[in-house]
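J.: sharing a sequence plus its predicted fold:
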Amino acid sequence: MALLVPNNGEGDALSYFVNKSAPQNLVLKLYINDKTPAEGDVAADYTEATFTGYAAVNMTGANWTITEGAPSEAAYPEQTFTSTAGSQNQNVYGYFLVRATSGRIAYAERFTTAPFNIANNGDQIKITAKITLD
């Protein structure tokens, strides 16, 4: 599945583009409900992962790499979510990013081969967040 920017994310992006609102850092989260991202989504539509060892990742604006061109891209360094206990059984369907202060959703992406099952100590999911514009 391709990355989807819901209406909330589009509105925020436009507000930042024209300097109507101050931008906020993003928070990267995994979701466990069997959901396909949609235009009208809000952050509450996603159930955050809870497996042992999981923690959302605060993404600092300075760590994004911006590459201008055709297409232009913003990329964040790869983040790894690792289970630290066995005997778990949690299906992870994708990831979503929310604004650090407002909690509004920025974008979401369902894994093309969802779900990934977190069952064992050491199971990992790696995410490289990217936004491409052309």
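T.: Structure received.

J.: and Thr50, what does it touch?
T.: If you count contacts by C-beta atoms under 8 Å, 6 or more residues apart in numbering, Thr50 has them with Ile32, Gln90. The way it works is simple: take the backbone N, C-alpha and C, and place the C-beta from them, glycine included.

J.: show me the shaky parts of this structure.
T.: Along the chain, the model assigns pLDDT under 70 to residues 1.

J.: which stretches in it count as helices?
T.: Chain-ordered helices for the chain, with DSSP state H as the definition, fall at 7-17.

J.: in contact with the closest residue to Lys126 other than its chain neighbours, which residues?
T.: Distances taken as C-beta to C-beta, 6 or more residues apart in numbering place Thr80 nearest to Lys126, at 5.0 Å, with adjacent residues excluded. By C-beta under 8 Å, 6+ apart, the residues touching Thr80 are Gln124, Ile125, Lys126.

J.: and the nearest residue to the second one once chain neighbours are set aside, how far is that from Ser102?
T.: Okay, so that is Ile125. When the adjacent residues along the chain are set aside, Ile125 lies closest to Phe81, with 4.7 Å between them (C-beta to C-beta, 6+ apart). Using C-beta to C-beta, to the nearest Å, one gets 23 Å for the distance from Phe81 to Ser102.

J.: count of neighbours near Thr128?
T.: Thr128 sits with 9 neighbouring residues when counted by other C-beta atoms under 10 Å.
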